[in-house]
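In: Model the structure of this input:
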Amino acid sequence: MTDTLTNDLVSRAGRAAEPAGLHAAEADRTGELDAGVVRALTSAGFARHFVPAKWGGSEGTFTDMTRAAALTGRSCASAAWCGTMFAYSARFCTHLPVEAQEEFWGDTPDTLWVSGLVPSGRTEAVGDGFVLNGRWNYVSGALFADWALLAGPRPGPGTQPPRFFAVPRADFTVEQTWDTVGMRGTGSHTVVLSDVTVPAHRTVALAEVAAGVNDVSDRTQHNVPLMAVGGLTCVAPILGSAGGMLEAYAALVADKRGAEQPGVPGGGTAVNDVALARAAADLDAATFLTERAAAALDAGEARLHGVRNARDTAHVSRLLVASAQELMRTAGTGGQDAKSPLQRHWRDMSVASTHAALRFERAATAFTDFTVKNK
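Out: Residues are numbered from 1 along each chain as shown. Predicted coordinates:
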C-alpha cells in the first residue's frame, strides 16, 4: 500500500462531501441519500477501502477511513455513516472464503456491502449450505446494497452458534421502516429473507469475525476484534458532524457581531464566544482520542488497546453530543429554524450516539474488568 493510495481516499472524500452537502437537507427530508451522493462515495473509494489488493482494493488504513468519514460528515452525517458502513461491512467480508470473495469482488472492488450484525432470523442446514428466513433491522444503506452480510440465527434454545451469511441483492427485499428524528438519510431499513439458500462457502462463524481472527487474510486491518473497531466505525461521522456544526455556529456568531449596535442592551455575544471556544476545544480533544484509536489499529495494537478504544470512542460521542447541546442552547431562535444546519447536525449526532457500539456503560464495564485484572 502506497502513500498515494492512502491519501487518495481523504482527498476524494473532500470532493464527495460537496454533493453530500448539497443534498443533505433533501436526505433529511426524504429519509434517503441521493443516488449521486452514493456514486460519489463509491468513486471516492469508501467501498473498496478495506478490500484486499488482489481484488483491486486499497487495503487502506483505519486512520484514512476515519479522516475521510469525518470530512464527509461535516457536510452530511448520513452520507458519512453510509460510507463507513459500506467500508466496514466489506472489511468483515475479508473473513469469507476466497471462493466467495471472487463472486462478489472478482469483477469490481466497489461492491456495496451492508450488514446486519445482530443475530436474527432462522437458519436450517440443508446439504452443503443453509436456508435463511427472517428480518434484520437497522441495516444502513440497504436500498443501495449489492450484497448484505447478515448474522443469524436469533439466539434461543437449541439454536446453533450464529454465523455471517453473504446474500446477493436479488435474494432479499427491503422494507422501508427507518423513520427517526436524526440520521434520516442513512435509510437504515429492514432486510427481509424468505427461504433463501446460502452455500456454505458464503458463510463464516460470527465468533471468528468478532474476535478478529481471519483465516483468509493476514493483513493487520483484516484481523481486528470488533470491540476495538466498532466504536470507531460509528464515531467518525459524529466527529465530522460536530465539525460541521461548529462551522455553522461560527457563521451565526459572525452574523450576530455584524448586527451589534453599541450601547444597545442584549447586543453582546459573550455567551456565544464562550460556547464556540468550548466546542472548539471539545472537538480538538475528540479528534485526538479518535485518531489515537485509529492509529492503534493501524499499528497492530488492537488487542492491547481494544477496551481503551471502546472507552474513548464512547466518551467522544458523549462529549460531542453535550457540546452540541450547548451550542443549540446558546444559538437562539435562528439555530432552531428547520433550514438551519445547526439543528440538523444536532439531531444527527444525538441519534448516532445511541448506537450500541457507543454505549459508555458497556465500554466502562469492559475497561474496568480489564483494568482490575491487569492492575
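
In: Tell me if I'm right that Cys76 and Gly185 touch.
Out: Yes. The pair Cys76 / Gly185 is scored as a contact, 6.7 Å apart, by C-beta atoms under 8 Å. From N, CA and C alone the C-beta is placed, and that goes for glycine too.

In: of the two, who's got more company?
Out: Cys76 (35 against 31; other C-beta atoms under 10 Å).

In: returning to that earlier point: so what sits against both of Cys76 and Gly185?
Out: Where contact means C-beta atoms under 8 Å, 6 or more residues apart in numbering, the residues bridging Cys76 and Gly185 through contact with each are Ala24, Ala27.

In: starting at the chain centroid, how far to the helix or strand containing Val191?
Out: Element membership for Val191 (DSSP states H and E) is strand 189-199. For strand 189-199, the gap between its own C-alpha mean and the chain's C-alpha mean amounts to 23 Å (C-alpha atoms, centre = their mean, to the nearest Å).

In: With stretch 12-28 instead?
Out: Between the mean C-alpha location of stretch 12-28 and the chain-wide mean there is a distance of 16 Å, by C-alpha atoms, centre = their mean.

In: For Thr365, which three-state class applies?
Out: helix (DSSP: H, G, I helix; E, B strand; the rest coil).

In: if I look at it, how far off is His305?
Out: Relative to His305, Thr365 is positioned 17 Å away (C-beta to C-beta, to the nearest Å).

In: can you tell me which residues contact the closest residue to Ala207 other than its chain neighbours?
Out: Here the nearest residue to Ala207 in space, its sequence neighbours aside, is Pro161; by C-beta to C-beta, 6 or more residues apart in numbering that works out to 6.5 Å. By C-beta under 8 Å, 6+ apart, the contact list for Pro161 reads Ala205, Leu206, Ala207.

In: Can you check those residues and name whichever has the most neighbours?
Out: Across these, the neighbour count under other C-beta under 10 Å reaches its highest value at Leu206, namely 20 neighbours.

In: okay but it is in contact with Pro155, surely?
Out: No. No contact is recorded between Leu206 and Pro155 when judged using C-beta under 8 Å, the distance being 10.8 Å.

In: Mutual contacts of these two, please.
Out: Any residue near both Leu206 and Pro155 by C-beta under 8 Å, 6+ apart counts here, and that gives Pro119, Pro162.

In: which other helices and strands contact whichever strand or helix holds Asp8?
Out: In this structure, Asp8 sits in helix 3-22 according to DSSP H and E. Contact partners of helix 3-22 among helices and strands, from 3 or more C-beta pairs under 8 Å, 6 or more residues apart in numbering; DSSP states H and E: helix 35-44, helix 62-73, helix 77-93.

In: closest one to Asp171 among those?
Out: Evaluated over these, closeness to Asp171 peaks at helix 77-93, with 15.8 Å, by C-beta to C-beta.

In: Pull the number of nearby residues for the closest residue to Ala40 other than its chain neighbours.
Out: Beyond its immediate neighbours in the sequence, the residue positioned closest to Ala40 (C-beta to C-beta, 6+ apart) is Ala16, lying 4.0 Å away. The number of residues packed around Ala16, counting by other C-beta under 10 Å, is 28.

In: Contact partners for Ala16?
Out: Residues in contact with Ala16 (C-beta under 8 Å, 6+ apart) are Val37, Ala40, Leu41, Ser43, Ala44, Thr72, Ala79, Gly83.

In: mind putting these in TSV, distance to Lys339, pLDDT and neighbour count included?
Out: As requested, the contacts of Ala16 are exported to TSV (distance: C-beta to C-beta, whole Å; pLDDT from 0 to 100; neighbours: other C-beta atoms under 10 Å):
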residue	distance to Lys339	pLDDT	neighbour count
Val37	20	98	30
Ala40	23	97	24
Leu41	25	98	30
Ser43	29	96	13
Ala44	27	97	25
Thr72	21	98	34
Ala79	19	98	33
Gly83	25	98	34
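
In: want to throw those into a markdown table with distance to Asp179?
Out: What follows is these, written out as a markdown table (distance: C-beta to C-beta, whole Å):
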| residue | distance to Asp179 |
| --- | --- |
| Val37 | 20 |
| Ala40 | 25 |
| Leu41 | 23 |
| Ser43 | 29 |
| Ala44 | 28 |
| Thr72 | 23 |
| Ala79 | 19 |
| Gly83 | 22 |
